[in-house]
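**Student:** Kindly return the folded structure for what I paste below:
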Amino acid sequence: MHGVLVKIAVAAFMSWGFAVAYAQPSLTQLKTELVSAWLVTVDGEERTRTLKITGVEQKDSAIFPLEAIYGWTDGNQTPVRAEISQTGQERMLLLTTQPGSKIAATQKPDGNFIGTFTSTSGQTKGLKIERLSESELTKIKSQLNAAVPAIDIPAASVPASCAAFIGGWTGAWPGYDPNWLWVVAIDNECTAKYSWRPRSRNFRSAKIEKGILSFPCSTSGGTCFFEHHGDELWGRYSGSDGTNTSVFKKVH
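**Tutor:** Down below sits the predicted model:
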């Protein structure tokens, strides 16, 4: 009888332990563990993104929609669709970026998320998402800002319609991730010194003519055209692979 009681007690303890191990987290617990800034690093890409989770809601016992913004760490972050799914001990983050790329990542015991980044073109890369304190995020942004190329303010003799292009601009063609256009100098003849694509320091020159800055901008030989409107550049792409349009915002 004693042995039977011991077995029953052990079985009950194991059953209780199993239930605790797989208990769903409370909403309060999720908020404590998730509301933060997170650094998103995609394999093979030097430029990082930042995910900021500001709130957690509850859809049902296993799905938790997130209030979140996302974007380049050295740019702007804007709202995205994201949620946490919890099945047993597995916690997965699902996120759709503004252009439509997909992030799927599982949280590991150290708190970081490991998963994949799938672009709208279908290319998949590995990624890591690490939690950051506000001070850590500030430090990273400071380091990135220090890498911003020197920008020469155009002389008064430069036509205003050309001088308006000076600075850093970011935007995305529909279906693609954001890009950067740096215009760091413009001379009296409206020749702009620029770089294109993330982290590029390969500066070239192009003429601003009739209010439009144009230059080759793809490996397929396509051309980008930018026209200044207020605090925006209206962009147009044309190449053998098709056409596209977008609005680029000034960030520097």
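
**Student:** Secondary structure element holding Gln29?
**Tutor:** Element membership for Gln29 (DSSP states H and E) is helix 27-34.

**Student:** scratch that, Cys162
**Tutor:** Per DSSP H and E: helix 160-163 holds Cys162.

**Student:** Using CSV, write out every CA atom in the following helix or strand past that helix.
**Tutor:** Sequence order places strand 167-171 as the next helix or strand after helix 160-163, per DSSP H and E. This file holds the C-alpha atoms of strand 167-171, laid out as CSV (Å, rounded to 0.1, in the frame of the first residue of the first chain):
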residue,chain,number,x,y,z
GLY,A,167,20.6,65.4,-47.3
GLY,A,168,19.6,61.8,-46.5
TRP,A,169,16.4,60.3,-47.9
THR,A,170,14.8,56.9,-47.3
GLY,A,171,11.9,55.1,-48.9
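
**Student:** Am I right that Gly44 is in contact with Thr124?
**Tutor:** No: using CB atoms under 8 Å, Gly44 makes no contact with Thr124, being 11.4 Å away. Yep, even glycine has a C-beta here, placed from its N, CA and C like the rest.

**Student:** what about these two, which has more around it?
**Tutor:** Thr124 (13 against 7; other CB atoms under 10 Å).

**Student:** contacting residues for the more buried one?
**Tutor:** Applying CB atoms under 8 Å, 6 or more residues apart in numbering to Thr124 gives the contacts Thr116, Phe117, Thr118.

**Student:** Would you confirm that the second one belongs to a strand?
**Tutor:** Yes: note on Phe117: a strand contains this position according to DSSP: H, G, I helix; E, B strand; the rest coil.

**Student:** so what's it up against?
**Tutor:** Phe117 touches Val42, Ser101, Lys102, Ile103, Thr124, Lys125, Gly126, Leu127, counting by CB under 8 Å, 6+ apart.

**Student:** Of those, which is the most crowded?
**Tutor:** Ranking the contacts of Phe117 using other CB under 10 Å puts Ile103 first, with 23 neighbours.

**Student:** Name the next helix or strand following the helix holding Gln29 along the chain.
**Tutor:** By DSSP H and E, the next helix or strand past helix 27-34 is strand 36-42.

**Student:** other SSEs contacting that next one?
**Tutor:** Where contact means 3 or more CB pairs under 8 Å, 6 or more residues apart in numbering; DSSP states H and E, strand 36-42 is packed against strand 49-56, strand 124-132, helix 134-146.

**Student:** Next, the angle from that strand to helix 134-146.
**Tutor:** Orientation check (axes from the mean of the first three to the mean of the last three CA atoms, to 10 degrees): strand 36-42 against helix 134-146 gives 50 degrees.

**Student:** strands paired with strand 36-42, and their directions?
**Tutor:** Taking DSSP bridges as the criterion, strand 36-42 forms sheet pairs with strand 49-56 (antiparallel), strand 124-132 (antiparallel).
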